[in-house]
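*Asks:* Prediction below, plus the sequence it came from.
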Amino acid sequence: MSIVRVLARPMLASSFIFAGLDRLRHADSTAAQLAPVLRPLSAALPVNASEKTLARVLAGTQVGAGVLLATGKFTRPAAVVLALTAGLTTAVEYRSSDTTTKENRAHRRNQLTKNIGLIGGALLASVDTAGRPGLAWRTEKLIASGKKTAATQLKNADKSVRSLAHDVTGH
């Protein structure tokens, strides 16, 4: 593994981990802030889950995915989860932030651009194959190999049928 990946993954993950821990510690305020998303989700679930519980699950998911990314385990799925959770919280935070003063608007803009950068980093990590072939490349090669094998088998079957026909007809 390259030194860049060894350093960059934990660096990227740290922001998600600390944000998730903060959301876990302050589950009440997290639930209140994310209520526009959590309320309909809570109502749609087949089990009874409060908004606070869902906020904890979201925060715990973010911490868990961040730890996985930082340690290099299941990095691509973890990065997808981080991008999704960050996108969700970014949209809600942006919509619910205070814009009454110039400073608040500047803070909202700075938070938005920082979060977009983190989401972009997570998306890059979600497609990073660490130098190994990705699933699309492997699938493409498997299909090409299958076509080649099938063509060879058809050619051999054709030869066998022609030989058998020649033996039967004598021509």
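*Replies:* That came through fine.

*Asks:* what does the domain assignment say about the chain?
*Replies:* 3-132, 133-171 (automatic domain parsing).

*Asks:* what's the distance between residue 18 and residue 43?
*Replies:* 31 Å (CB to CB, to the nearest Å). (Each C-beta comes from the backbone N, C-alpha and C, glycine too.)

*Asks:* pull the longest helix from the chain.
*Replies:* In the chain, assigned by DSSP state H, the helix with the most residues is helix 135-169.

*Asks:* Sort out which residues of stretch 77-93 are buried, please.
*Replies:* 78-87, 89-90, 92 (16 or more other CB atoms under 10 Å).

*Asks:* For residue 93, give me its contacts.
*Replies:* Residue 93 is in contact with 33, 111, 115, counting by CB atoms under 8 Å, 6 or more residues apart in numbering.

*Asks:* Just the buried ones among these, please.
*Replies:* 33, 115.

*Asks:* what's the closest of the contacts of residue 93 to residue 14?
*Replies:* For these, the closest approach to residue 14 (CB to CB) belongs to residue 115, at 14.7 Å.

*Asks:* so that closest one makes contact with residue 90?
*Replies:* Yes - judged on CB atoms under 8 Å, residue 115 makes contact with residue 90 at a distance of 4.1 Å.

*Asks:* joint contacts of those two?
*Replies:* Contacts common to residue 115 and residue 90, judged by CB under 8 Å, 6+ apart, are absent.

*Asks:* next one: the lowest-mean-pLDDT helix or strand in the chain to chain centre, how far?
*Replies:* Within the chain, no helix or strand scores below helix 35-44, which has a mean of 77 by mean pLDDT, DSSP states H and E. Counting by CA atoms, centre = their mean, to the nearest Å, helix 35-44 is centred 22 Å from the centre of its parent chain.

*Asks:* again, but for stretch 85-95
*Replies:* Stretch 85-95 sits 16 Å away from the centroid of its parent chain (CA atoms, centre = their mean).

*Asks:* middle-most residue in this protein, spatially?
*Replies:* residue 80 (1.1 Å; CA atoms, centre = their mean).

*Asks:* Okay, and that one sits in which element?
*Replies:* Assigned by DSSP states H and E, residue 80 belongs to helix 75-96.

*Asks:* State the mean pLDDT of that helix.
*Replies:* The pLDDT scores in helix 75-96 average 90.

*Asks:* what residue ranges in this structure are flagged as low confidence?
*Replies:* 1, 131-135, 137, 171 (pLDDT under 70).
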